[in-house]
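Enquirer: I would like the atomic coordinates for the input below:
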Amino acid sequence: MSALRFNGKMKFIIIIIIINFQVTLSQSTAIEEDLNEKYFYESNLSNYENPEEYYKFNPVFFKKATFLELSRLPGMSFESAKKIFYYKTNNPTCSLIELTGKLNLNAKETESLNNYTDLAKIDNLFVRYRARNYINIDEIQTDSTNQIQNYYLYQQIYFKYQGISFALINKKNIGESSFLNNINSFFEYKYNDQFKILIGDYHLNEGLGAILHNSVITRKSSDVINSALNFDDKISGLTTNQAVRYFRGICFNSKFHLSDLLKLSTSLFYSQKKLSAIIDSNSIVSSIYLYPVFKDSLMISRKNNLMEQAIGAVISGNYSYFSLGFSGYYLNYDKIIHVDNFNSLQGQSSFFSSIFAKTEFANTSFETELARDYKNNYALIAAIVQHFNNFYIALNYRNLQDQFCSPYGARFGENSVTGSERGFYSGFRWFNKNFDIKFYYDIFSTYNFSNPFPSKGNDILAEISNRIDDKTSLAVRFYYHFINRIYYNNQIFETNSDNETKYQWRIDLSSWIKDNFQLKFRFSYNLILNNTQHQDQGFGFYSEFQYNILKNLKAITRISYYSTDSYQSSIWQTESCIPGIFALKPLYGNGERFLVLLNYSPIHQINLWFKFTLDSKNQVYGYIPTNPDRLLTFQFEYVY
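Expert: Below you'll find the model as predicted:
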């Protein structure tokens, strides 16, 4: 019976895959789609409002799970997380059945450990199909000569059964003439914890990410503590539709248990893929696209015109509470790269290497990585975290030479255009059942694009969250940012500098008025000062209402009002009410933004989302916009 049921489901899924939604999308929205998928799957958990989705694909390693990680599992209570943490510390080989019986865990907590950790080796079949489309009402294409170029489509299928995993992602941007132009996929076979082979598109995440990391950028405000906790030696299949930062080929990983205390891990990988770049008549590459959108004929002509090959290895060992590893890889391109940026990859061939280590003792963990690029520039990263039950304190140190280059390493900063920062970063966190207090302070310097002079500054972030009762919570946040920029003035042949100071205040209030009705409010204020005595201000307020009409029908509305003097004083707002989408919206000028969402589940395995957003600007710095930004989003999901 189970076999017949399985075949029936798979037929249903295969039929769905051929459905194409015929809609339109602007270029800006297509770029955002790439970033959304990236943020949702690969950012730190603090960026999610849908943690179940994150943990489904990133289960917590139970043996090394901290109290903080356990307490954040969906459905896990604060008290039970504490009991589980102490019990597993004294009983490292405990099972799920043992924990449930000894600690009297309820059904939700048992399900949380079962679904979101590796404690129970789940061999059940998991299949998911997801289709997403946008309609930008103000930019519908009317060209009837080639209708297929007007369509946008995103599809993803994920399959997992015992040690086998498979994913296929298909995306077509506006302007492309085929639904098959942009496909990512991988096949993975894993035998217990001893052997893994992965064919297709994959990520490598080693040490603290100096030369191998699965994310373009890590957020320092949230990762001061988490970057140390996330020290890793990991290979994972590509579950996003990113264009550049992944390998395509084959990867092997073997683990050897030489004794009860000594373990050895080796990984070998080979990659060959095509990139999109600007290439001149002399076959010199002047720019490589990170997030290409092939909307017009010029961009389409630049697609897949640069070949990249990579081969490398990672070897790591673990003895008791100490880990040591080495990684290195060789990159080769079929054309010479000459980019006008002093710390970008140049030439045709390059070799990168690093050594990373981690040790744990008592309540303290220490991680470090020393990396070398192809120009013999070095980077040293170190992190130390000390934790006592519900108290964490961390210190990060980053020292990168000016021209250090790492095309597959992680940047460290607060926005997507920053250079990789260096400096001292400290973090503090204390929490209990009702309070969560966070504080971060750093002293940093960074390079940006072609400017050979560093910008220096410091940041302070403080946030207090209070769970007033079971239905109401309040959060207050303050952020201070100071930066001194030094630049060269070509007209007077001298270096100049300018200072910028930024203050941000934010208050959030959330309350369930009834069991099926929730209210959320947020007030934001930004103030920016510079050395010319000029100041910019930004105000923002939104109210959000969630109404669970039926058990399978939910409605969300959000109304935002904002007024800012400049783009720099924008009010940033997140929208992550659809799984797989984490939209970060800058609200600038004067106007209102409206959001309406419906989520309907006709049966347990199927979910439908419909979202409409309208950004109506009354005035933007002296002129009145001609059209509002109206976007309609559809998503279909089937999970077995």
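Enquirer: mean confidence score for the helix or strand Arg630 falls within?
Expert: Counting by DSSP states H and E, the element that carries Arg630 is strand 629-639. For strand 629-639, the mean per-residue pLDDT is 86.
Enquirer: Now it: buried residues?
Expert: Neighbour counts using 16 or more other C-beta atoms under 10 Å place Asp629, Arg630, Leu631, Thr633, Phe634, Gln635, Phe636, Glu637, Tyr638 of strand 629-639 among the buried residues. C-betas here are computed from N, CA, C, even on glycine.
Enquirer: Could you do stretch 389-409 as well?
Expert: 390-396, 398, 400-401, 403-409.
Enquirer: How far off centre is stretch 77-90?
Expert: 28 Å (C-alpha atoms, centre = their mean, to the nearest Å).
Enquirer: now stretch 105-120
Expert: 24 Å.
Enquirer: Kindly report the same for stretch 117-133.
Expert: Distance, centroid of stretch 117-133 to centroid of chain: 19 Å (C-alpha atoms, centre = their mean).
Enquirer: please begin residue numbering at 855 from this point
Expert: In the new numbering, first residue 855, that becomes stretch 971-987.
Enquirer: Any idea how far apart the tips of it sit?
Expert: 32 Å (C-alpha to C-alpha, to the nearest Å).
Enquirer: Of the buried residues of strand 1483-1493, which is the nearest to Lys956?
Expert: Using C-beta to C-beta, Glu1491 is the member of the buried residues of strand 1483-1493 that lies nearest Lys956, at 36.9 Å.
Enquirer: average pLDDT for stretch 920-930?
Expert: The pLDDT scores in stretch 920-930 average 79.
Enquirer: mind checking the end-to-end distance for that stretch?
Expert: Start-to-end, stretch 920-930 (C-alpha to C-alpha) is 14 Å.
Enquirer: Other residues contacting the strand or helix carrying Arg1412?
Expert: In the assignment (DSSP H and E), Arg1412 maps to strand 1407-1418. Strand 1407-1418 is contacted from outside by 1380, 1390-1403, 1424-1425, 1427, 1429, 1431, 1441-1455, using C-beta atoms under 8 Å, 6 or more residues apart in numbering.
Enquirer: rerun at 7 Å
Expert: 1392-1403, 1424-1425, 1427, 1431, 1441-1454 (C-beta atoms under 7 Å, 6 or more residues apart in numbering).
Enquirer: do the same with stretch 1350-1357
Expert: 1334-1341, 1343, 1380-1385.
Enquirer: Restrict that stretch to CA atoms and write it as CSV.
Expert: What follows is stretch 1350-1357, C-alpha atoms only, in CSV (Å, rounded to 0.1, in the frame of the first residue of the first chain):
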residue,chain,number,x,y,z
ASN,A,1350,39.8,64.5,2.2
SER,A,1351,37.6,62.9,4.9
ASP,A,1352,34.0,63.1,6.0
ASN,A,1353,32.2,61.8,9.0
GLU,A,1354,28.7,60.3,9.3
THR,A,1355,26.8,59.5,12.5
LYS,A,1356,23.6,57.5,12.4
TYR,A,1357,21.0,56.9,15.2
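Enquirer: how about the nearest residue to Ile915, chain neighbours excluded?
Expert: For residue 915 the amino acid is Phe, not Ile. Leaving aside its chain neighbours, Phe915 sits nearest to Asp972 (5.9 Å; criterion: C-beta to C-beta, 6 or more residues apart in numbering).
Enquirer: circling back: closest one of the contacts of stretch 1350-1357 to Asp1188?
Expert: Using C-beta to C-beta, the contacts of stretch 1350-1357 come closest to Asp1188 at Tyr1341, 35.9 Å.
Enquirer: What confidence value was assigned to the closest one?
Expert: According to the model, Tyr1341 scores 69 on pLDDT.
Enquirer: Following element in sequence after the helix or strand where Gln1372 lies, please.
Expert: Using DSSP H and E, the element containing Gln1372 is strand 1371-1384. With elements assigned by DSSP H and E, the helix or strand that comes after strand 1371-1384 is strand 1389-1404.
Enquirer: by how many degrees do that next one and strand 1371-1384 diverge?
Expert: Per axes from the mean of the first three to the mean of the last three C-alpha atoms, to 10 degrees, the angle that strand 1389-1404 makes with strand 1371-1384 is 170 degrees.
Enquirer: now the angle between strand 1407-1418 and strand 1389-1404, please.
Expert: Using the same axes, to 10 degrees, strand 1389-1404 lies at 170 degrees relative to strand 1407-1418.
Enquirer: CA atoms of strand 1389-1404 as CSV?
Expert: This file holds the C-alpha atoms of strand 1389-1404, laid out as CSV (Å, rounded to 0.1, in the frame of the first residue of the first chain):
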residue,chain,number,x,y,z
GLN,A,1389,20.9,66.2,9.1
ASP,A,1390,18.5,63.8,7.6
GLN,A,1391,15.6,62.2,9.4
GLY,A,1392,13.3,59.3,8.7
PHE,A,1393,10.0,58.3,10.5
GLY,A,1394,8.1,55.1,10.0
PHE,A,1395,5.1,53.4,11.5
TYR,A,1396,3.2,50.3,10.7
SER,A,1397,0.3,48.3,12.1
GLU,A,1398,-0.2,44.6,11.1
PHE,A,1399,-3.3,42.5,11.7
GLN,A,1400,-3.4,38.7,11.5
TYR,A,1401,-6.7,36.9,11.5
ASN,A,1402,-7.0,33.2,11.4
ILE,A,1403,-10.4,33.0,9.8
LEU,A,1404,-10.5,29.2,9.7
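Enquirer: Describe which strands that strand pairs with in its sheet and in which direction.
Expert: Paired strands of strand 1389-1404, with direction, are strand 1371-1384 (antiparallel), strand 1407-1418 (antiparallel) (DSSP bridges).
Enquirer: Show me the strands in the stretch 905-1054 of the chain, by range?
Expert: Assigned by DSSP state E, counting those that start in this stretch, the stretch 905-1054 of the chain shows strands spanning 980-990, 1007-1015, 1018-1026, 1037-1045, 1049-1061.
Enquirer: If you count contacts, what does the last one end up packed against?
Expert: Spelled out, it's strand 1049-1061. strand 1037-1045, strand 1086-1091, strand 1101-1111, strand 1176-1191, strand 1201-1215 (3 or more C-beta pairs under 7 Å, 6 or more residues apart in numbering; DSSP states H and E).
Enquirer: coming back round to it: adding mean neighbour count and mean pLDDT, write the strands paired with strand 1389-1404 out as a markdown table.
Expert: A markdown table is the format used below for the strands paired with strand 1389-1404 (neighbours: other C-beta atoms under 10 Å; pLDDT from 0 to 100):
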| stretch | mean neighbour count | mean pLDDT |
| --- | --- | --- |
| strand 1371-1384 | 17 | 94 |
| strand 1407-1418 | 18 | 94 |
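Enquirer: Which among the ones you listed is found nearest to Ser1170?
Expert: So among the strands paired with strand 1389-1404, strand 1371-1384 is nearest, using C-beta to C-beta, at 43.7 Å.
Enquirer: So what's the gap between that closest one and the chain middle?
Expert: 23 Å.
Enquirer: Restricting to C-alpha, output that strand in PDB.
Expert: Coordinates of each C-alpha in strand 1371-1384 appear next as PDB, following Å, rounded to 0.1, in the frame of the first residue of the first chain:
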ATOM      1  CA  PHE A1371      -6.500  37.600  16.100                       C
ATOM      2  CA  GLN A1372      -3.100  39.200  16.500                       C
ATOM      3  CA  LEU A1373      -2.000  42.900  16.400                       C
ATOM      4  CA  LYS A1374       1.500  44.200  15.700                       C
ATOM      5  CA  PHE A1375       2.800  47.700  15.800                       C
ATOM      6  CA  ARG A1376       6.200  49.200  15.000                       C
ATOM      7  CA  PHE A1377       7.600  52.800  15.300                       C
ATOM      8  CA  SER A1378      11.000  53.600  13.700                       C
ATOM      9  CA  TYR A1379      13.000  56.800  13.800                       C
ATOM     10  CA  ASN A1380      16.400  57.400  12.000                       C
ATOM     11  CA  LEU A1381      18.600  60.400  12.400                       C
ATOM     12  CA  ILE A1382      21.800  61.000  10.300                       C
ATOM     13  CA  LEU A1383      24.400  63.700  10.900                       C
ATOM     14  CA  ASN A1384      27.500  64.600   9.000                       C
END
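Enquirer: Okay then, goodbye and thanks.
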